[in-house]
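Participant: A structural model of the following input is requested.
(one chain, ligands or ions: 2)
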Amino acid sequence: MSQQFNNFINGKWKASSSKEVIESYNPAKKSEVIGSVQKSTREELNEAVEGAKAAQKKWKKLAGAERGNYLFKVANIMEENLEDIAKTMTKEMGKSLPEAKGETNRGIAILRYYAGEGMRSDGDVIPATDPSALMYSKRVPIGVVGVITPWNFPVAIPIWKMAPALIYGNAVVLKPASEGSVTAAKVIECFDKANFPDGVINFVTGSGSVIGQGLAEHPDVNAITFTGSNAVGKNIGVIAAQKGGKYQLEMGGKNPIIVADDCDVDAAVAATLSGGLKSTGQKCTCSSRVIVQAGIYETFKEKLLEKAKQITVGDGMDADTWMGPCASESQFNTVKHYIEKGKEEGATLLLGGKEPTDEKLKDGYYIEPTIFDDVKTSMTIAQEEIFGPVLALMKVDTVEEAIHLANDVEFGLSASIYTSNIEHMLTFIDDMEAGLVRINAETAGVELQAPFGGMKASSSYSREQGQAAKEFFTTMKTVFIKG
Ligand SMILES: NC(=O)C1=CN([C@@H]2O[C@H](COP(=O)(O)OP(=O)(O)OC[C@H]3O[C@@H](n4cnc5c(N)ncnc54)[C@H](OP(=O)(O)O)[C@@H]3O)[C@@H](O)[C@H]2O)C=CC1
Ligand SMILES: O=C(O)CCC(=O)C(=O)O
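Facilitator: Numbering: from 1, shown residues only. Ligands and ions are numbered 1, 2, ... in the order given. Now for the predicted structure:
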């Protein structure tokens, strides 16, 4: 039976006064409702922000180690509920169960990483010009942080934003993507069970244009952290800048993988498929442009096709599924639109491009692994983020040409090269306009202890995760003491 979740405001689970809910459907079985959340009003959002503002004043006074203990507790509770959270994720947005378990484990590891932060240095002593004075910098919280998250990582992304916000002494209001809200509610249940003081964590569901926009506009929300599409992200940036708030935006990618003549071809093929098609291509770090040097092009293409044909598409809950459905009807339609565009604009469809014919898959938003050949950089499928299982092959003569092509998009999130040549590696590291540059590794594969973020239109140049998160979730006080 599908579960209904309320908002979590000021330490209480409450239904919305709208008396309306948003239902979440299983993309592998279109008619199966897996749960519902509240379609909240601005009044409920205001209540959450008010509660957060009051709670933050006490929360910031706790010792960092004490705040850390709360995060350790949530991590333990999540570990006990891992199976249920991961299954909910698979049913709500379609990624395969092993991937969903991996993501939930990652959420747990992030909680523990930031829990430890509560006992680490929060400033520096700086020599004052007056030798009898003590001068130091001290990191302090910002206040209330608004967290707006997407559906593609409904556990890891809310946690990698909330955990650092909380450990550094902020209170949080989370507005998750409607299509990932049931999974997010299960994460918030774990926070609730850890008995955080009322108001420190709030969860308000509803439409992006009402609750998301309302959070960004709210005068008492001091900082907003967002992951999602460029259109929404840019709007949030403008709103935050106008009201004088801090903002952090992680948006799309159009990530290239360069395959040089001198690489290990089998490894490059494996990385292209894993980086491009895992999670059905719905990661901002997914590879979508495969830029291959002429000398190896035919061999690479042949091996890629052979392996891609072996991919098993199906319900993420089935043990033999490698690739699940698109997360929603709108994603499914977007991907089909881009496949048509690719054909219209003259790319050669090598593989897939349609819904699987298997009767078992008729009831889901499935699309076959799709590979285009002869893709030119001017084509839409080489420029726009598809967020689906679609790879675009592009041929180049030299690695320099490959890097030039790789940079010829508005995005700059992640990029990878397969080569055994140290000069190619160094040129790539220097010249690639991307926040993550990966050598002989796929474009996806974010590590929680390292900075994460993009260049160009992929982000607001701020960085998330690892120690970099401190920069966004705190501000600085310079203290001067003279006896
Ligand atoms: N970089 C990434 O990781 C992601 C990129 N994308 C890209 O974006 C495309 C569209 O996906 P979509 O889910 O629609 O992404 P959106 O940017 O629309 O949604 C991301 C989050 O923003 C919220 N939101 C929507 N409108 C507003 C608004 N006006 N003000 C504030 N918040 C808002 C959403 O709420 P609600 O769900 O209620 O609309 C959701 O919580 C994808 O096809 C993909 O290309 C998407 C997800 C993640
Ligand atoms: O690749 C990853 O693990 C994270 C990707 C991501 O942040 C995203 O798709 O939003």
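Participant: switch to C-alpha atoms for all contacts and neighbour counts from now on
Facilitator: Will do.
Participant: Which parts of the stretch 351-483 of the chain are strands?
Facilitator: Assigned by DSSP state E, counting those that start in this stretch, the stretch 351-483 of the chain shows strands spanning 370-373, 390-396, 411-412, 414-418, 436-439, 455-456, 474-482.
Participant: for residue 339, what are its contacts?
Facilitator: Going by CA atoms under 8 Å, 6 or more residues apart in numbering, residue 339 touches 353, 381, 390.
Participant: Now the last one: closest residue in space, sequence neighbours ignored.
Facilitator: Spatial nearest neighbour of residue 390, excluding adjacent residues (CA to CA, 6 or more residues apart in numbering): residue 370 at 4.7 Å.
Participant: same check, this time on the second one
Facilitator: Counting by CA to CA, 6+ apart, residue 381 lies nearest to residue 342, which is 5.9 Å off, once chain neighbours are set aside.
Participant: That neighbour against residue 380, yeah?
Facilitator: Yes - the criterion here is CA atoms under 8 Å, and residue 342 meets it with residue 380 at 7.0 Å.
Participant: Tell me which of those two has more neighbours.
Facilitator: A direct count of neighbours by other CA atoms under 10 Å for residue 342 and residue 380 places residue 342 higher, at 22 against 16.
Participant: What's the separation between the more buried one and ligand 2?
Facilitator: Using CA to the nearest ligand atom, to the nearest Å, one obtains 23 Å as the distance from residue 342 to ligand 2.
Participant: How about the secondary structure of that residue?
Facilitator: The three-state label for residue 342, taken from DSSP: H, G, I helix; E, B strand; the rest coil, comes out as helix.
Participant: what residues are up against it?
Facilitator: Residue 342 makes contacts with 348, 372, 379-381, as judged by CA under 8 Å, 6+ apart.
Participant: same deal with residue 212?
Facilitator: Residue 212 makes contact with 148, 175, according to CA under 8 Å, 6+ apart.
Participant: Ramachandran angles for it?
Facilitator: The phi and psi values for residue 212, taken as degrees, to the nearest 10, are phi -60, psi -50.
Participant: Next: residue 256.
Facilitator: Recorded main-chain torsions at residue 256 are phi -90, psi 150, according to degrees, to the nearest 10.
Participant: Correct me if wrong: it contacts residue 411.
Facilitator: No - under the criterion of CA under 8 Å, residue 256 lies out of contact with residue 411, with a separation of 10.3 Å.
Participant: where do the contact lists of these two overlap?
Facilitator: Taking CA under 8 Å, 6+ apart as the contact rule, residue 256 and residue 411 touch no residue in common.
Participant: who's more crowded, these two?
Facilitator: Ranked by neighbour count (other CA under 10 Å), residue 256 and residue 411 place residue 256 first, with 33 against 25.
Participant: As JSON lines, the contacts of residue 339 with pLDDT and neighbour count would be great.
Facilitator: Rendered in JSON lines, the data for the contacts of residue 339 read as follows (pLDDT from 0 to 100; neighbours: other CA atoms under 10 Å):
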{"residue": "353", "pLDDT": "98", "neighbour count": "22"}
{"residue": "381", "pLDDT": "98", "neighbour count": "26"}
{"residue": "390", "pLDDT": "98", "neighbour count": "28"}
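Participant: export the residues you listed to JSON lines and tack on distance to ligand 1?
Facilitator: Output for those, formatted as JSON lines (distance: CA to the nearest ligand atom, whole Å):
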{"residue": "353", "distance to ligand 1": "17"}
{"residue": "381", "distance to ligand 1": "12"}
{"residue": "390", "distance to ligand 1": "13"}
